[in-house]
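Student: sequence-free structure coming up:
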């Protein structure tokens, strides 16, 4: 009875007060269960949505080619600053003069050093030409000596031949006189016997004795003449040998002068080459006083400021940042994630200073990210304990911002395999690594 009265009182009160209608919902149906069912349905559906596994890594903007990175401009020789042709921040072209240096070494103070070195080269060349002329003169002298020797030897050979004939003639006369002496000797012996026998008179004997004595004297004279002819032949032979020796000495001396001139000429040529080398070094050194830009770019980080400051050999003067570069990003990958990164793999970047909305699992839905392709993975660990990876711009994606600068920060997201959301949650809960796969670009290259 009391419950009925209470219900009646409440109904009567609710008809007069709106607060009862907002607080008590006895006569209304609740939609909470429908919201719960819908929410769980959406969660279940979301679990089967695709999710792109990824690896996050920090990096910095660099260049793909090392010659496009900022380079130091060093001096090759020591000097003092004479004049600056550019200021920090100026843009220069390749070959533009940046700085002029002055000499600081005593050996190169002479302002006419090149001219005097050239004069030494000319003097040495004249000396070499003189030695060349001496060589030619010596060769002519040797030729004349050879010809004179041949004529002299021919003349002596002729004399020898004549003297040999004379010796033969004298030897024949000696033989004839010897025979005549032998005949008269026999006759005088017979005449003596005949004188003793009284056959001939003393006058006849004396006549024959005179003939014998004349024959004996004639033989002695002929023998002396023969011996004299032989002595003259021997003298001519000695003269021939002496002539050969004299001309050999003269020709040897001339040949020695020739070789000496050749040696001096070779030494002069060596001195000329050395002086020419020195001249070229001086000429190149004069050109090195002017430091020029190796490529187009911007001048930064000037190490010397005032005029007259000393610059050491190999010291950096300025740094040049090239104008046109092909940007890339160097990322540092953990050793645990290194096997999951390969050449040709896709990477998404968020650059410092450029707004972005990132959905790491849905890269297509992200805003402000830029695509890249892994072009190199270093096999040696860096000083920070990570492995360096070089990523270039993806030509099939939107271009990178032109306002990028060297050294700017970049957050990289290396895209891996596409899986379901429930699998990714389950993998993270269990601490399993992401799925590994080989990029399609590498496979195509291997097939080719």
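Tutor: Looks like it came in fine. Please read all numbers here as calculations on a predicted model, not as lab measurements.
Student: CA only for contacts and neighbour counts going forward, please
Tutor: Fine.
Student: element containing residue 244, please.
Tutor: Of the helices and strands defined by DSSP states H and E, residue 244 is found in helix 202-288.
Student: whoops, I mixed them up, residue 190
Tutor: Assessed by DSSP H and E, residue 190 sits inside helix 113-197.
Student: by how many degrees do that helix and helix 202-288 diverge?
Tutor: Here helix 113-197 runs at an angle of 170 degrees relative to helix 202-288 (axes from the mean of the first three to the mean of the last three CA atoms, to 10 degrees).
Student: which helices and strands sit right next to the helix holding residue 244?
Tutor: Under the contact criterion of 3 or more CA pairs under 8 Å, 6 or more residues apart in numbering; DSSP states H and E, helix 202-288 touches helix 113-197.
Student: now for the helix it packs on, which elements pack on it?
Tutor: Contacts of helix 113-197 with other secondary structure elements, assessed using 3+ CA pairs under 8 Å, 6+ apart, are made with helix 202-288.
Student: can you name the element that comes right after the helix it packs on?
Tutor: Beyond helix 202-288 in the direction of the C-terminus, DSSP H and E gives the next helix or strand as strand 290-292.
Student: direction included, what does the helix or strand following that following strand pair against?
Tutor: Secondary structure here is assigned by DSSP H and E; on that basis, the next helix or strand after strand 290-292 toward the C-terminus is strand 297-300. With DSSP bridges as the criterion, the sheet partners recorded for strand 297-300 are strand 91-92 (antiparallel), strand 316-322 (antiparallel).
Student: okay, now the unreliable bits of the chain?
Tutor: Screening the chain residue by residue with the criterion pLDDT under 70, one finds the ranges 1-31, 51-54, 355-368, 415-421, 423-424, 427-428, 430-448.
Student: could you chop it up by domain?
Tutor: 51-68+325-447, 71-103+289-321, 113-287 (automatic domain parsing).
Student: might you report the residue contacts of the residue nearest to residue 404 when sequence neighbours are not counted?
Tutor: Once flanking residues are discounted, residue 404 sits nearest to residue 61: 7.7 Å by CA to CA, 6 or more residues apart in numbering. Each residue near residue 61 by CA atoms under 8 Å, 6 or more residues apart in numbering is listed here: 327-330, 404-410.
Student: can you redo the residues you listed as JSON lines with secondary structure, neighbour count and distance to residue 371?
Tutor: As requested, the contacts of residue 61 are exported to JSON lines (DSSP: H, G, I helix; E, B strand; the rest coil; neighbours: other CA atoms under 10 Å; distance: CA to CA, whole Å):
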{"residue": "327", "secondary structure": "strand", "neighbour count": "21", "distance to residue 371": "13"}
{"residue": "328", "secondary structure": "strand", "neighbour count": "22", "distance to residue 371": "11"}
{"residue": "329", "secondary structure": "strand", "neighbour count": "29", "distance to residue 371": "11"}
{"residue": "330", "secondary structure": "strand", "neighbour count": "26", "distance to residue 371": "14"}
{"residue": "404", "secondary structure": "coil", "neighbour count": "16", "distance to residue 371": "14"}
{"residue": "405", "secondary structure": "coil", "neighbour count": "14", "distance to residue 371": "17"}
{"residue": "406", "secondary structure": "coil", "neighbour count": "16", "distance to residue 371": "18"}
{"residue": "407", "secondary structure": "coil", "neighbour count": "13", "distance to residue 371": "18"}
{"residue": "408", "secondary structure": "coil", "neighbour count": "14", "distance to residue 371": "16"}
{"residue": "409", "secondary structure": "strand", "neighbour count": "20", "distance to residue 371": "15"}
{"residue": "410", "secondary structure": "strand", "neighbour count": "20", "distance to residue 371": "12"}
